[in-house]
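> need a structure here:
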Amino acid sequence: MHDPLTIETDLETQSLLLAAANHDLEALRNLLRTTSVNVQDPDTGFTPLHAAIAACEQEKEDPAIVMSDGQIDGLENGHTSGERAEASDGRKKELEAAARTVELLLQNGAIWNDLDKNNETPGCTAHRLGLKEIYDMVVKAGVRAELLLNRLDEYQMLGDDDDEAEDEDDFEILDDPQDASTIDIEASGIIVEPPSEDAPTTAHIPTNPDVNSAGYLASDLTFTADRLLDADKNGVMMAWETDIMRRTADRLLPAPGLRILNIGHGMGIIDGIFQSKSPSAHHIVEAHPAVLERMRKEGWYDKPGVVVHEGKWQDVVPTLVQEDTMFDAIYFDTFAEDYKALKEFFSEYVIGLLDPSGGNEGEGGRFGFFNGLGADRQVCYDVYSEVVEIDLMEAGLETEWEDVKVPDLDETGEWAGVRRRYWALENYRLPTCKFIG
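Okay, here's the model as predicted:
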């Protein structure tokens, strides 16, 4: 005999998914009064957000290939101008309805990075279908959510245990979007619920989800001509990054005679490029014993202007700040650390290390970092590129971005023998930062 409660729950889930797929706002508002927006179809893994976006996919045999802005691309032989206009108008209305549906779902707490059974987030689906407006909405929602979660995490780090969140028994239907810069945690409409066994899986953004810093520093490393792997075959650094690092070095050190600080030596790719630019001072912070041993064998300790600081940057950098050691350029690329470490570095230490009057012509020092957060899927990469830019601005740094083409790493066999592909995108967004003003 079936449990009536289970049957009722299934009906509510399917009704919500159907209303989302049909872009039926009135039905959605009614259902969301009693049903959580974060439900999932057991067969497809679709959430209502997935369903609303996937419903925009056109049939492959449809000759009308309509762009996300409503323009027709196709509609050949046998179609009159009237048919074209009608198809264009119909598609435009469909996409507008989808956008309103997505907006409503996001305003009521839909999770931007839930995964379906095809390992796609709603943003992945929108990106695949070329729905730019809807994709941008998901990215903005992801940025708001990640900024809020980061702030909550910071409050927890302060040890404020006096205020406890109260359980939410009712759902409030929200129709007005909120700006991320003025978001109020209690009034945001974001419902934070404890995870359950049936909760949808989400796409996470940590750079190295299976590795922690202490474990990495204690692991054995394998150096080859084109890669550096840890004991679990995780790629610490690989030669395909060389073009990215060369361009980064060109941006940070545009002339000889400048002072550079590099956090994380790895294979030594970018440090070798820095050396070729004849810096007046070249400081390197490296913590892994095996990397340090290799640096000694390769003569890094004896290179002109090079100072090797052995240890974690968290232990080395405060001393450099106390000694008032200044640099024209700083680069940050560590392994097995999450975004909080990068944020701590540029929020707390760059201001004390980067010379505001440095640079080739006194234009001010420059800061760069390896921008690999969320690089296993485009939507996560776009979300965290915006998050880091906002956090950099709060730290007093403005960011200039440059797209660098990345070759097809699967086609070139770069991932053979590597445990996890840490890059899956066509373009790398190269950041160069300097003090605002």
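> Do I have it right that Asp116 meets Ala51?
No. Counting by Cβ atoms under 8 Å, Asp116 stays clear of Ala51, with 9.6 Å between them. In short, each C-beta sits where N, CA and C put it, glycine included.
> what about the residue nearest to Ala145 when sequence neighbours are not counted, distance to Leu292?
Leaving aside its sequence neighbours, Ala145 sits nearest to Trp112 (Cβ to Cβ, 6 or more residues apart in numbering; 5.9 Å). Distance of Trp112 to Leu292, given as Cβ to Cβ, to the nearest Å: 41 Å.
> Contacts for stretch 277-285, please.
249, 253, 255-265, 271, 274-275, 295, 300, 303, 305-309, 311, 313, 316-317, 320, 325, 327 (Cβ atoms under 8 Å, 6 or more residues apart in numbering).
> hmm, try it at 6 Å
Contact with stretch 277-285 is made by 253, 256-263, 265, 271, 274, 305-309, 313, 316, as judged by Cβ atoms under 6 Å, 6 or more residues apart in numbering.
> what element comes up after the lowest-mean-pLDDT helix or strand in the chain heading to the C-terminus?
Here the helix or strand of the chain ranked lowest by mean pLDDT, DSSP states H and E is strand 72-74, holding a mean of 44. Counting by DSSP states H and E, the element after strand 72-74 in chain order, helix or strand, is helix 81-107.
> If you count neighbours, what's buried in that following helix?
Neighbour counts over helix 81-107 (16 or more other Cβ atoms under 10 Å) mark 87-88, 91-92, 94-95, 97-99, 101-107 as buried.
> List just the nearest of those to Val388.
Leu106 (21.6 Å; Cβ to Cβ).
> sorry, back to before: and Trp112 and Leu292? which has more neighbours close in?
When neighbours are counted by other Cβ atoms under 10 Å, Trp112 comes out ahead of the other of Trp112 and Leu292, with 25 against 18.
> List the contacts of the more buried one.
Contacts of Trp112 (Cβ under 6 Å, 6+ apart): Val138, Ala141, Gly142, Ala145.
> got it, and Cys433?
Listed by Cβ under 6 Å, 6+ apart, the contact set of Cys433 reads Phe367, Leu392, Leu397, Thr399.
> Please identify which helix or strand holds the residue lying closest to the third one once chain neighbours are set aside.
The reference is to Leu397. Of all residues not flanking Leu397 in the chain, Cys433 sits nearest, at 4.3 Å (Cβ to Cβ, 6+ apart). Secondary structure from DSSP H and E places Cys433 in strand 427-435.
> Can you report the mean pLDDT over the residues of that strand?
The pLDDT scores in strand 427-435 average 98.
> Please state the offset of it from the chain centre?
14 Å (Cα atoms, centre = their mean, to the nearest Å).
> hmm, back to that, pull out the buried residues from the contacts of Trp112.
For these, buried by 16+ other Cβ under 10 Å: Val138, Ala141, Gly142, Ala145.
> which ones among those residues are found in helices?
Val138, Ala141, Gly142, Ala145 (DSSP state H).
> Right, I'll leave it there.
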